[in-house]
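# below: sequence and its predicted model.
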Amino acid sequence: MRKFSWLFLLLILVVFADGKEEVFEGKDFHVYYLGGQSNMDGYGYVKELPKELSGGVPQVWIFHGNTSEDGTPADGNGKWSPLSVGHGVGFSSNGKTNKYSERFGAEITFAKRLLEVYPDRNIALIKYSRGGTSIDADTKNAKRFGCWAPNWEGGNGNGTNINQYDHFLATMANARRDADIDNDGKADRLIPAGIIWMQGESDASERKIAKRYKDNLTLLMYLIRKELGDMETKVVVGQIADWKVWPHRKIVRKAQVDFVNEDHNAVLVTSTDMYDNSDPWHYDSKGYLDLGVRFADAVAGNKSDE
């Protein structure tokens, strides 16, 4: 009888323990994904940053995935770090150490503006982009720089069928693996808050590819939203500039307009036509500084792009 009583008491304790609600002690971080090709990489010069931005925006945390070619093992290595300068083209990471470049992208003023709009939020960025990449797998640029087509086939060995979309997925997995974003010893939570997409130039090089851009963009944004875990995540698309270097840019620009018009939670940033270029393909430093603010206002629902 005594044995039965002890077993019964033990059962009650186990049930009680299993039903006990765990107390969350970490922070909720609103996370924004920044993706695309080289104008998302960023070609602004760190030496041209205004003094107040020369130290970055350390209140915001970033996981910047290392970029790799198509047909190579899934990469996306990185580490959560306070947002410093040097996350432009040339940035790299082995997962333990970040190597910063002399360039910056839209992330600096994007983060600064978000802090102004949401002073009480914890903000995190996940960035993975690669210059020259198209969404479509059939472009000449895809063979040279890579593509985001989720059904891409190619590569060998551990790189078989691995392309930019897979490197993005690896970046997301790596970012989630380290649950303690701000290194305070407590696991944090990521709340999807926005997708910022600056890409399309490489899909504008061939007419037949450009005409497929809206469908390709629609599918990719669906998959990225799915990966983030919220199909209502706002998408902000940066319209490619109306520069002659991309012969079928008007088709892609129209496709970007059509995508936003047909998606109930997407918005288009059109300020790129105002920017000067530092070379035939990329904005100058002032352009990236402005673009970050425009992206932030767009995802927050402000009207700076009108």
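Here it is on my side, so go on.
# so Gly131 sits against Val89, correct?
Yes. Gly131 is within contact range of Val89, at 6.3 Å (criterion: CB atoms under 8 Å). For the C-beta atoms, the positions are set from N, CA and C on the backbone; glycine is no exception.
# where do the contact lists of those two overlap?
Residues touching both Gly131 and Val89 by CB atoms under 8 Å, 6 or more residues apart in numbering: Ser38, Asp41.
# so Gly159 touches Thr72, yeah?
Yes. With contacts counted by CB under 8 Å, Gly159 reaches Thr72, the gap being 4.4 Å.
# now do the strand or helix carrying Asp297, average pLDDT.
Using DSSP states H and E, Asp297 falls within helix 285-300. What helix 285-300 shows for mean pLDDT is 97.
# what's the distance between that helix and the middle of its chain?
14 Å (CA atoms, centre = their mean, to the nearest Å).
# grab the nearest non-local neighbour of the residue most central in space within the chain.
Residue closest to the average C-alpha location in the chain (CA atoms, centre = their mean): Leu34, at 2.3 Å. Once flanking residues are discounted, Leu34 sits nearest to Lys127: 4.4 Å by CB to CB, 6 or more residues apart in numbering.
# so where do the helices sit in the stretch 101-250 of the chain?
107-117, 140-145, 164-177, 207-210, 213-228, 249-262 (DSSP state H, counting those that start in this stretch).
# just send those helices back as CSV, with distance to Asn277 and mean neighbour count too.
Output for those, formatted as CSV (distance: least, CB to CB, whole Å; neighbours: other CB atoms under 10 Å):
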stretch, distance to Asn277, mean neighbour count
helix 107-117, 18, 22
helix 140-145, 18, 17
helix 164-177, 24, 21
helix 207-210, 21, 17
helix 213-228, 22, 18
helix 249-262, 14, 18
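# what's the least confident stretch among these?
helix 140-145 (a mean of 91).
# contacts for that helix?
Identification of contacts with helix 140-145 by CB under 8 Å, 6+ apart yields 37, 70, 130-134, 136, 147, 149, 202, 205-206.
# mind listing what Ser278 touches?
With CB under 8 Å, 6+ apart, Ser278 has these contacts: Tyr43, Asp284, Ser285.
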